[in-house]
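S.K.: I'll drop the sequence and a predicted model, then ask my questions.
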Amino acid sequence: MRKVVCLAVAAAACGGSSKPAPVEPVASAPPPMVVPTNTPIATQPLTSRALVARKDGTVDTYFGEKVADPYRWLEGSGDDVKTWLKGQNEYTAAFLLALPNLDAIREDVAKLARAPHTKWVQVIPSQTLVFAQRQLPDEDAPSLVALADPKKPETAVVIFKPDTAKHESIDFYMASPKGDRVAISISANGSESGDLHIFDTKGKEIDAPVANVQRPTSGGDVAWLPDGSGLYYTRYPRQGEPHFAEPDNWQQLWFHALGKTDDKPMLAKEVGQSEQITAEVDAKGNAIASVQNGDSGPIRHYVRVGGKGAFTLFADAKDQVALAKLGSKNDLWLVSRKDAPMGKVLHLALGQPLAKATVAVPASDEAIETDFYASDGLVEVNNAVYVQYEAGGPEKVRGFSRAGKALPALPLPDVATIVLPRAWKGGMLMAASTYTQPQTYYWISAKGAAETLPISLTATVDMSAYDVSRDFATSKDGTKVPYTLVQKKGAPHDGTMPCLVNGYGGFDISLSPYFLESRTPLLSRGVCLVISNLRGGGEFGEPWHQAGMLTHKQNVFDDFAAVLADVVAKKYTSADRIAAVGGSNGGLLMGSVLTQHPELVKAVISYVGIYDSLRYELTPNGATNTNEYGSVKDPEQYRALRAYSPVHNVTPKALPATLLVAGDNDGRVAPYNSRKFAAALQAAQTGTAPILLKTSSTSGHGFGTGRSEQIEEEALVDAFILSQLGVK
């Protein structure tokens, strides 16, 4: 599966991701003008504020309660909406382009982004070649390349280079086991709606494209046969097929033989509207398909022994098998949460019933990571099993023999985010990154010696000038909530330090360590960073996740408020020197800050947020999220959603400075969320701080923009943060 639930925006907004959010090109922006700040926004002339959104009389009724929705018209795409958005973007561009020190900040951001270093990500070995996405210093987007040897970057051959003029992106790729061909899902304008293209290793497309394999709702996946003659792939309804009216749902698993046109459905009737599929094939042709009922929902697993016959169910949702992986000896490795909320590893011979499984690695007090979308958490490599654990945010990887005996610790850094090992030339390829070390690739020999590879990312900034420490806040119900504080060495703890605080808290996603170089335009100017590990994430396993989902979602907002209060109480900073940032589900979190605790921050930056919690499930991706948020069709869940839905809880008050960012092609969170929330906030603002909305026509859920646009976006956001926090 290649669906990234956590928004790929600026690193501070979403854990380990380093891909910035979309940017509105400024070439056509109006000349800068100074916006008055000494009178309330509501009384400023229209020429110096965004166009005021009209209200209509729309009212919905839920379980007898009437709920007004006066900005329903902003869900449309008519000329009135376009005119309003044009005014918003012009106002926002004018405000941001007039910020002090923007030129200096832009120069700093560009220096980092255009440093003379090649970037290598998603490095995946096959039996013969190592594949990677490589971005050269002068390129606007990464290309897919194949290396004969990762120790020799000069051996890289370009297989596919996205056309940045068309805003093309690589959604995901999968090389055949022999490494002689590769399947790539390609989409445009950040839509994440991709078709599959198959290339040889010289960059020649060798088969007809396969349409509709990837969508932002349930992602997409590919699994090759051992000989590369065909592949299993996910796809969505096509013209003339059932459910074509819902092209972003009803994912199925099909099989395609190269050069043929008679593709066959493998899992179709078994898969529901909002379910999503991952697939895997081993060297003997055994195949496994896992099906999750929406984001965060229960999972069931099917197997096809020897690549013959139909896929048969071997683990249902009630069995609580969170992850299933094929072993090397006609067997399965499973991560089960049954009677083990933190996870235990089971071993099972292929074709045997689940009841025959034995415990290979017992549960511990640390949670086994089970990322459905990337199939991470466990892998068998070179006759050993490696298991990934969550440790409150940082990750650990432990190795075990096939009999379950613990192996010596791997030579990797502590407090890191770790990419699980993959076999290569008798050893293993791995990667790790920390807050102060960029993603580093290691070749670990059969004897356990580690060699740093030259495809590792190169730091442009020496991060030794910054301290990284761990602290805890106490939430409303007494729960201890961890957070990481990054600051200049010797920074004063007298309440004067400006801070950028981020959070996410959802979908079992953990905010793990990530290299902070991209935040040095802020760090170097004395701003501290606070990364909070809230309930709803996976930092302490499924119990931590469940404590922040459905009717318990308010816990996430309380946790973040506790972190904001704690950094003030400990005199790291003060409320008038805090900016909060989040994206997607983290944007919902930012909505809670603005509606529940605006007094705790000076500024809010929110990317592609879910702000209308009562109507989100009506969107194509909404059905996949009801397992996480709940549904207005359930009375108890409705009451929880109504209590925190940001759009429905805006009241007139002095609000902090706010910048909302959205992409017109967002298939995960409907862009009207940002429009409606901006309109409500602008109408409610009684203070002097600006409420800004910035949209982009060439991006989606944080994807689809090139490096030039990313540089401008980061510079504008950083300048906004610094100006609001009083940093010169």
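M.R.: Cool, the structure landed. All of these numbers come straight from a predicted model, not from anything done at the bench.
S.K.: Thought Ile186 was touching Tyr173, still the case?
M.R.: No. Tyr173 sits out of contact with Ile186 when judged by CB atoms under 8 Å, with a separation of 9.4 Å. Yep, even glycine has a C-beta here, placed from its N, CA and C like the rest.
S.K.: Doesn't Val81 belong to a strand?
M.R.: No. Counting by DSSP: H, G, I helix; E, B strand; the rest coil, Val81 is not part of a strand but helix.
S.K.: tell me the contacts of it?
M.R.: Trp73, Leu74, Arg675 (CB atoms under 8 Å, 6 or more residues apart in numbering).
S.K.: now do Leu147
M.R.: Here Leu147 is in contact with Leu129, Val130, Phe131, Ala132, Pro153, Thr155, Ala156, Val157, Ile455 (criterion: CB under 8 Å, 6+ apart).
S.K.: contacting residues for the nearest residue to Thr458 once chain neighbours are set aside?
M.R.: In space, and not counting its chain neighbours, Thr458 is closest to His117: 4.1 Å by CB to CB, 6 or more residues apart in numbering. By CB under 8 Å, 6+ apart, His117 lies in contact with Pro137, Leu457, Thr458, Thr460.
S.K.: Pro521 now?
M.R.: Ile105, Asp108, Val109, Leu112, Glu714, Ala715, Asp718.
S.K.: out of those, who has the most neighbours?
M.R.: Asp718 (28 neighbours; other CB atoms under 10 Å).
S.K.: Run a quick check on that one versus Leu523, I expect a contact.
M.R.: No. Counting by CB under 8 Å, Asp718 does not reach Leu523; the two are 10.6 Å apart.
S.K.: three-state assignment of Leu112?
M.R.: From three-state DSSP, the assignment for Leu112 is helix.
S.K.: What is the strand or helix carrying Ile198 packed up against?
M.R.: If you go by DSSP states H and E, Ile198 is part of strand 194-200. Here strand 194-200 touches strand 157-160, strand 181-188, strand 210-214, going by 3 or more CB pairs under 8 Å, 6 or more residues apart in numbering; DSSP states H and E.
S.K.: and the angle for the last one with strand 181-188?
M.R.: Here strand 210-214 runs at an angle of 70 degrees relative to strand 181-188 (axes from the mean of the first three to the mean of the last three CA atoms, to 10 degrees).
S.K.: Can you name the next helix or strand after strand 210-214?
M.R.: Downstream of strand 210-214 (by DSSP H and E), the next one is strand 222-224.
S.K.: The next helix or strand after that following strand pairs with which strands, parallel or anti?
M.R.: Downstream of strand 222-224, the next assigned helix or strand under DSSP H and E is strand 230-235. Applying DSSP bridges, strand 230-235 is found paired with strand 222-224 (antiparallel), strand 252-257 (antiparallel).
S.K.: So which of these is nearest Leu485?
M.R.: Of all those, strand 222-224 sits nearest to Leu485, with 41.1 Å by CB to CB.
S.K.: who touches the closest one?
M.R.: By CB under 8 Å, 6+ apart, strand 222-224 touches 172, 174-177, 183, 185, 196, 213, 230-234, 279-281, 287.
S.K.: ok so, going back, select from the contacts of Leu147 the one having the most neighbours.
M.R.: That'd be Val130 among these, by other CB under 10 Å, with 27 neighbours.
S.K.: Isn't that residue up against Arg422?
M.R.: No. Counting by CB under 8 Å, Val130 stays clear of Arg422, with 9.2 Å between them.
S.K.: residues bridging contact with those two, i.e. touching both?
M.R.: Ile124, Leu429.
S.K.: mind listing what's buried in the strand holding Ile198?
M.R.: Neighbour-count burial for strand 194-200 flags Gly194, Asp195, Leu196, His197, Ile198, Phe199 (criterion: 16 or more other CB atoms under 10 Å).
S.K.: list the contacts for Gly369?
M.R.: Quick fix: residue 369 is Glu, not Gly. Here Glu369 is in contact with Asp376, Gly377, Gln388, Tyr389, Glu390, Glu395, Ser510, Gly538 (CB under 8 Å, 6+ apart).
S.K.: swap in Ala416?
M.R.: Here Ala416 is in contact with Pro394, Glu395, Ala432, Ser433, Thr434, Gln437, Ser512, Pro513 (CB under 8 Å, 6+ apart).
S.K.: Check the burial of the second one by counting its neighbours.
M.R.: In this case it means Glu395. 24.
S.K.: and it, what are its phi and psi?
M.R.: phi -120, psi 150 (degrees, to the nearest 10).
S.K.: Could you tell me which residues make contact with the nearest residue to it once chain neighbours are set aside?
M.R.: Among residues not flanking Glu395 along the chain, Ile418 sits closest, at 4.8 Å (CB to CB, 6+ apart). Residues near Ile418 by CB under 8 Å, 6+ apart: Gln388, Glu395, Lys396, Val397, Leu412, Met430, Ala431, Ala432.
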